[in-house]
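[1] what's the 3D shape of this:
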Amino acid sequence: MRKSLAQAGNTTSAPAGTPSRRDETATARIRNAIALVCLALTGLWAHAQTSTRYVQVVNPADPGLVWSTPQPIPAGTALGPAQLSATASTAGRFVYNPPAGTVVAAGEYTLSVTFTPTNPNYFAASATVQLTVTPAATPPGFQFTLASALPAAPIAVTAALPATVALTVRPLVNTGQTVTFQCSGLAHVACAFSPVSARLSTVAVPVTVTLTYKPPTKIAGAGALPSVRAHPGGRTVAATAVLIFLMLLTPRSRRAVVRVRRLAMGAVLAATIVSGCGWSHGAVLGSPETLTITAATAQESHSVEVAVATQEP
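    Below is the predicted model:
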């Protein structure tokens, strides 16, 4: 009994709120896990900061634009493939300045081209060349020429159907002067020009001339006389009627003369109806006449002659 009391008196207990040994072990494990996670995150961050990023950059390729200096050309020549002859190693679009078809006067010119490749792996390129334009083989002082494309046959001009003539003013010198147009030679043909004038620069100017029939002026109090053309059938019938009439002058019997005359008049009337009244009132195409079209500046003029056949209404 005493021993038991003594042992009971020596027993001690932990104060309230003090963690047990098991709790301390669990806390230590959590702390170690957090430390490991922090260490891992720190390593990853450091690696991300020190790692090198590689970016591949592909530069567009050179399209290989080549343009040889063209040979000299005479003034008045239109630019074409012989002068605008740039090439490239890939497909694309060439834009020239000045463009094809430009007529250049004498002098020195800088031609340029811009090439835009179809393949985006090539970059656009441009180039320039020098072009020498020599004076044209024309008389001294000439500034332009007048060209025309006329048909071989005469041009028919009627009141119902006008005709057109195509002309081209080709500058030889870029003077900026104005070229005016006019027609002469035929009082009954009127001319309308489009454009009404042209300016001498470096570009050829196409001109369209519309020819219309202009009726003659009527005299006061007088009517217009229609043109009359004898019908071949009418001539035959008239000659036959005259012959029959002459034959009827000789018979002795007056009654027979009257009968024959009536028969002849009936025959003439029938033939007239069948042949279209014996004569036709209509328009006749006249003989070709010469119409002169002139283009002029203050210093010079050029003209072309046009064969025109008019037809009255």
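[2] in the sheet, who's paired with Tyr109?
    Leu131 (DSSP bridges).
[3] scratch that, Pro117
    Pro117 has these beta-bridge partners by DSSP bridges: Gly92.
[4] low pLDDT regions in the stretch 101-250 of the chain?
    136-141, 216-250 (pLDDT under 70).
[5] show me where it has its strands.
    107-117, 125-134, 144-148, 155-158, 163-171, 178-184, 189-194, 197-199, 205-213, 228-230 (DSSP state E, counting those that start in this stretch).
[6] now these in JSON lines, with distance to Thr27 and mean neighbour count?
    Placement of C-beta: from N, CA and C, glycine included. Listed next are those as JSON lines, based on distance: least, Cβ to Cβ, whole Å; neighbours: other Cβ atoms under 10 Å:
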{"stretch": "strand 107-117", "distance to Thr27": "72", "mean neighbour count": "16"}
{"stretch": "strand 125-134", "distance to Thr27": "74", "mean neighbour count": "15"}
{"stretch": "strand 144-148", "distance to Thr27": "108", "mean neighbour count": "18"}
{"stretch": "strand 155-158", "distance to Thr27": "118", "mean neighbour count": "19"}
{"stretch": "strand 163-171", "distance to Thr27": "103", "mean neighbour count": "19"}
{"stretch": "strand 178-184", "distance to Thr27": "107", "mean neighbour count": "17"}
{"stretch": "strand 189-194", "distance to Thr27": "105", "mean neighbour count": "16"}
{"stretch": "strand 197-199", "distance to Thr27": "102", "mean neighbour count": "17"}
{"stretch": "strand 205-213", "distance to Thr27": "103", "mean neighbour count": "17"}
{"stretch": "strand 228-230", "distance to Thr27": "136", "mean neighbour count": "12"}
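[7] quick one: closest of those strands to Ala88.
    Closest approach to Ala88 among the strands of the stretch 101-250 of the chain (Cβ to Cβ): strand 107-117, 5.5 Å.
[8] residues contacting the closest one, please?
    Contacts of strand 107-117 with the rest of the structure, by Cβ atoms under 8 Å, 6 or more residues apart in numbering, involve 63, 65, 67, 70, 79, 83-84, 86, 88, 90-98, 123-133, 174.
[9] now the buried members of these.
    Buried subset of those (neighbour count, 16 or more other Cβ atoms under 10 Å): 63, 65, 67, 70, 79, 83-84, 86, 88, 92, 96, 98, 125, 129, 131, 133, 174.
[10] in helices, which of those residues appear?
    Per DSSP state H, helices hold no members of the buried ones among the contacts of strand 107-117.
[11] picking that back up, TSV please, covering the strands of the stretch 101-250 of the chain and showing distance to Ala309.
    Converted to TSV, the strands of the stretch 101-250 of the chain look like this (distance: least, Cβ to Cβ, whole Å):
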stretch	distance to Ala309
strand 107-117	45
strand 125-134	42
strand 144-148	18
strand 155-158	5
strand 163-171	10
strand 178-184	16
strand 189-194	10
strand 197-199	28
strand 205-213	11
strand 228-230	16
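[12] and of the ones you listed, who's closest to Ser303?
    That would be strand 144-148 among those, by Cβ to Cβ, at 7.2 Å.
[13] what are the pairing partners of that closest one, and which direction each?
    strand 163-171 (antiparallel).
[14] setting the sequence-adjacent residues aside, check what's closest to Val104.
    Val133 (5.0 Å; Cβ to Cβ, 6 or more residues apart in numbering).
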